[in-house]
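**Q** Model the structure of this input:
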Amino acid sequence: MQRHFSLADCDVVGFDLDHTLCRYHLPQSARLIYDSFAHYLVTEKGYDKDLLTLAPDSLDFCCKGLVLDIEEGDFLKLAEDGRVLRASHGTKSMTSEEILETYGRREWKHFNTVSGMVSRSAKYYLYDNYFDLPGALLCARVVDSLDQHDGQKKYDFWKDMVAAIQHNYKISAFKEDCGMYFPEVKKHPDKYLQRCPESVKKWLKQLKSAGKILLLITSSHSDYCRLLCEHILGNDFEEYFDIVITNALKPGFFSHTPNQRPFRTLENDEEQEALLSLDKPGWYSQGNAIQLYELLKKMTGKLDPKVVYFGDSMHSDIFPARHYSNWETVLILEELLGDKVTVPAETESEPLEKKGKYEGDQPKAPYFVSKQWGSFFVDRLPGLENAEETLVHTWSCRCISTYSTIAIPSLEAIADLPLDYRFTRFSSNSTATAGYYPSPPRALVRNEESVTMK
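**A** Presented below is the predicted three-dimensional model:
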């Protein structure tokens, strides 16, 4: 495989919407999502009213990459080989001794399934995007509450949590003002949404002028997509894209066949009859990557058009686009903003001063670095905290270098680069730091250096 990746070599550039093109004010949106789920559990399912109050620093619990062991009520941070690095029962952190007693130094029992990425399970849930993440804190507090009142050993709250998520995010919720989430974002979009920077809008136009086909593929329904895009890009947002696909139901969009998941047209945001094939650009609902690729062949006049897809979710965007469709993938990783980055000397001439300005604008969110869970990228094995050589990569970190072409903190970080800029790919060598732009997280750099020195 080539060592470098360039947008100039791609025929098609695709984007996820939420947390990729549309950035949120994370502390505000996290609180809204938490409140939306908690309100449902308390009012509809009779859970403890204490769940409705939230201490200011409690969102520190939220950390991408956590796995909830649903039956045990435990949250786990996993190493790349499946061993447990940190754990909590409910919100309460487990000590190294407790982790070793419960989980030992062996691979976690469900790691084989979770690392396969292909299936969801009733036994665990992987938190890998900001729409789900506040639910982790809520589930942890539910476990605390059940322990306090019932002294439970096995937990059965998950079905209620799923109902809370569906109540707030279901397709009809936007139109019906159902739940708390959509009505609040409709009322106060500026509180939750960051407008798209001018540099990114200019970059999208530049991609189109260079003859690229631009796609928007989002699992959000068409009415919410329209609200977001009008707010962040303007009323003319459709001019930026050749094809818009809403309610894409990722990751199924990439893994399902045309028979399982046909495209549908929309009228007044209502899905119409299934289409037998996708014949022309436009706005569609649901669908599958196989028929989309056939249309892209026709539009580009190429047998094998090269597609790159930008997204923030490993499970819904990056893994399936790479695994099923063999697309190039760019992971939007906001954790790069929180983990202090080092600037390699040879790249200081690039437009990194912009990145510095942009970082300064970020709220010191509880999201980027969790005190309770530590670095997103590396950690020490329990019981060996003082031994240098036990610093290991997390499973999340391993997924990034395995399935992403490159990882960036935001679209803005690359918007001022020439389209033929050559990024170093993750797969270009054996280091775990190769594909991070503008620079790798410091925790990883330190780890690479200590490994090299041995």
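**Q** going forward, measure contacts between C-alpha atoms and count neighbours the same way
**A** Noted.
**Q** Please, where are all the helices along the stretch 351-454 of the chain?
**A** 352-361, 395-403, 442-453 (DSSP state H, counting those that start in this stretch).
**Q** Packing partners of the shortest one?
**A** Right, helix 395-403. Applying 3 or more C-alpha pairs under 8 Å, 6 or more residues apart in numbering; DSSP states H and E, we find helix 395-403 packed against helix 319-323.
**Q** Show me what the helix it packs on is in contact with.
**A** Contact with helix 319-323 is made by 117, 251, 254-255, 309, 327-329, 403-404, as judged by C-alpha atoms under 8 Å, 6 or more residues apart in numbering.
**Q** repeat for stretch 407-420
**A** Contact partners of stretch 407-420, identified using C-alpha under 8 Å, 6+ apart, comprise 6-9, 20-21, 197, 199-200, 203, 207, 330-337, 351-352, 354-355, 400, 435-438.
**Q** Which among the residues you listed count as buried?
**A** Buried subset of those (neighbour count, 16 or more other C-alpha atoms under 10 Å): 7-8, 20-21, 200, 203, 207, 330-337, 352, 355, 400, 435-438.
**Q** picking that back up, among the helices of the stretch 351-454 of the chain, show the one with the smallest mean pLDDT.
**A** Sorting the helices of the stretch 351-454 of the chain by mean pLDDT places helix 352-361 lowest, at a mean of 37.
**Q** quick check: mean pLDDT across whichever helix in the chain runs longest?
**A** Scanning the chain for the longest helix, with DSSP state H as the assignment, gives helix 26-45. What helix 26-45 shows for mean pLDDT is 96.
**Q** next helix or strand past that helix?
**A** Next along the chain after helix 26-45, taking DSSP states H and E as the criterion, comes strand 67-69.
**Q** where exactly do the strands run in the stretch 351-454 of the chain?
**A** All strands of the stretch 351-454 of the chain, identified by DSSP state E, counting those that start in this stretch, fall at 378-380, 391-393, 406-408, 423-424.
**Q** name the helices or strands packed onto the second one?
**A** Other helices and strands packing on strand 391-393, by 3+ C-alpha pairs under 8 Å, 6+ apart, are strand 378-380.
**Q** looking at the contacts of helix 319-323, which has the most residues close by?
**A** The most crowded member of these, judged by other C-alpha atoms under 10 Å, is Ser404 (27 neighbours).
**Q** excluding its backbone neighbours, what's nearest that one?
**A** Thr329 (5.1 Å; C-alpha to C-alpha, 6 or more residues apart in numbering).
**Q** pretty sure the one you found contacts Val308?
**A** Yes. With contact defined as C-alpha atoms under 8 Å, Thr329 reaches Val308; the gap is 5.5 Å.
**Q** Go through the strands of the stretch 351-454 of the chain and pick out the most buried.
**A** Counting by mean count of other C-alpha atoms under 10 Å, strand 406-408 has the highest mean neighbour count of the strands of the stretch 351-454 of the chain, with a mean of 26.
**Q** chain center to that strand: distance?
**A** 13 Å (C-alpha atoms, centre = their mean, to the nearest Å).
**Q** same thing with stretch 209-216?
**A** 23 Å.
**Q** again with stretch 104-122
**A** With C-alpha atoms, centre = their mean, you get 19 Å for stretch 104-122.
**Q** what residue ranges in the stretch 1-150 of the chain are flagged as low confidence?
**A** Applying pLDDT under 70 to the stretch 1-150 of the chain flags residues 1, 117-120.
**Q** redo that, cut-off 90
**A** Within the stretch 1-150 of the chain, the segments meeting pLDDT under 90 span 1-3, 56, 112-123, 132, 148-150.
**Q** For the stretch 101-250 of the chain, which segments count as helices?
**A** For the stretch 101-250 of the chain, applying DSSP H, counting those that start in this stretch gives helices covering 111-116, 134-150, 158-169, 173-176, 181-187, 189-192, 198-209, 222-232.
**Q** any chance of these in CSV, with distance to Leu85 too?
**A** Putting these into CSV (distance: least, C-alpha to C-alpha, whole Å) gives the following:
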stretch, distance to Leu85
helix 111-116, 13
helix 134-150, 18
helix 158-169, 24
helix 173-176, 38
helix 181-187, 34
helix 189-192, 33
helix 198-209, 38
helix 222-232, 38
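**Q** between these, which gets nearest to Gly301?
**A** Closest to Gly301 of the helices of the stretch 101-250 of the chain is helix 198-209 (C-alpha to C-alpha; 16.5 Å).
**Q** List the contacts of that closest one.
**A** Residues outside helix 198-209 that contact it (C-alpha under 8 Å, 6+ apart) are 214, 233, 240, 411-412, 415-416, 419.
**Q** Dump the residues you listed to TSV, plus pLDDT and neighbour count.
**A** Formatted as TSV, these follow (pLDDT from 0 to 100; neighbours: other C-alpha atoms under 10 Å):
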residue	pLDDT	neighbour count
Leu214	98	24
Leu233	98	19
Tyr240	98	18
Leu411	98	21
Glu412	97	20
Ala415	98	19
Asp416	97	16
Leu419	97	17
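**Q** Between the residues you listed, which sits nearest Asp304?
**A** Checking the contacts of helix 198-209 against Asp304 with C-alpha to C-alpha, the nearest one is Leu214 at 16.5 Å.
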